[in-house]
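Undergrad: Requesting a structural model of the entry that follows:
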Amino acid sequence: MLKMFGVAVSVVVNCIIGAVVYTPKLPTGKVWMRRTHPGKTAEQIGQDSAIPMGLSVVATATMSLLLRFILIDFFKVKVALDAVKFAVGLSCLVTLLEVPHTLFSKRSVDAFIVDQLHNIATMTAAAACIFYFG
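TA: Okay, the predicted model is just below:
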């Protein structure tokens with residue numbers, strides 16, 4: 001069970017990253033709010049966020065579990081820098097896959113950038129937590 005402590009830590013850290021990236025007090029949060037919820041205040045957005053937040057935590061935990069399996073059990077990564085480089089590379093590949101979807105669906109490119117920066121940061125932080133905390 002101790003081997004899963006890093007996964008638990010990564011979920012908490014990723015929630016903190018999300019709170020920072022998407023806060024309306026920072027430019028990233030302002031851009032994201034304006035593009036994804038036009039005309040709504042942060043309070044209005046937050047009113048119906050319990051289910052999306054809960055599902056986000058489940059998705060983050062699942063991502064962290066899978067990343068742990070890939071890094072530790074499959075690739076047997078032994079060096080922290082290798083784990084971080086792997087996570088950055090993997091998240092950049094996933095970001096590239098999302099570019100056509102964003103463009104063809106005419107979604108906001110600046111909100112896409114905010115989301116993808118968040119995703120890169122969370123996967124990188126998850127890899128570091130998994131490596132350091134088990």
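Undergrad: only C-alpha atoms for contact and neighbour calcs from this point on.
TA: Fine.
Undergrad: Stretch 57-65: which residues count as buried?
TA: V57, T60, A61, M63, S64, L65 (16 or more other CA atoms under 10 Å).
Undergrad: Same check on stretch 12-31?
TA: Residues of stretch 12-31 classed as buried under the neighbour-count rule (16+ other CA under 10 Å) are 12-15, 17-18, 21-24, 28-31.
Undergrad: got a list of contacts for that stretch?
TA: 32-33, 42, 57, 60, 110-111, 114, 118, 121-122, 125-126 (CA atoms under 8 Å, 6 or more residues apart in numbering).
Undergrad: re earlier: please tabulate the buried residues of stretch 57-65 in TSV, including the columns secondary structure and pLDDT.
TA: Putting the buried residues of stretch 57-65 into TSV (DSSP: H, G, I helix; E, B strand; the rest coil; pLDDT from 0 to 100) gives the following:
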residue	secondary structure	pLDDT
V57	helix	96
T60	helix	96
A61	helix	96
M63	helix	97
S64	helix	96
L65	helix	95
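Undergrad: ok, how many other residues are close to T95?
TA: Burial of T95, expressed as a neighbour count using other CA atoms under 10 Å, amounts to 18.
Undergrad: which helices and strands sit right next to the helix or strand hosting T124?
TA: Per DSSP states H and E, T124 falls inside helix 109-133. Using 3 or more CA pairs under 8 Å, 6 or more residues apart in numbering; DSSP states H and E as the contact definition, the elements that helix 109-133 packs against are helix 5-21, helix 27-36, helix 50-68, helix 80-104.
Undergrad: Adding distance to F131, write these out as TSV.
TA: Formatted as TSV, these follow (distance: least, CA to CA, whole Å):
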stretch	distance to F131
helix 5-21	7
helix 27-36	28
helix 50-68	8
helix 80-104	6
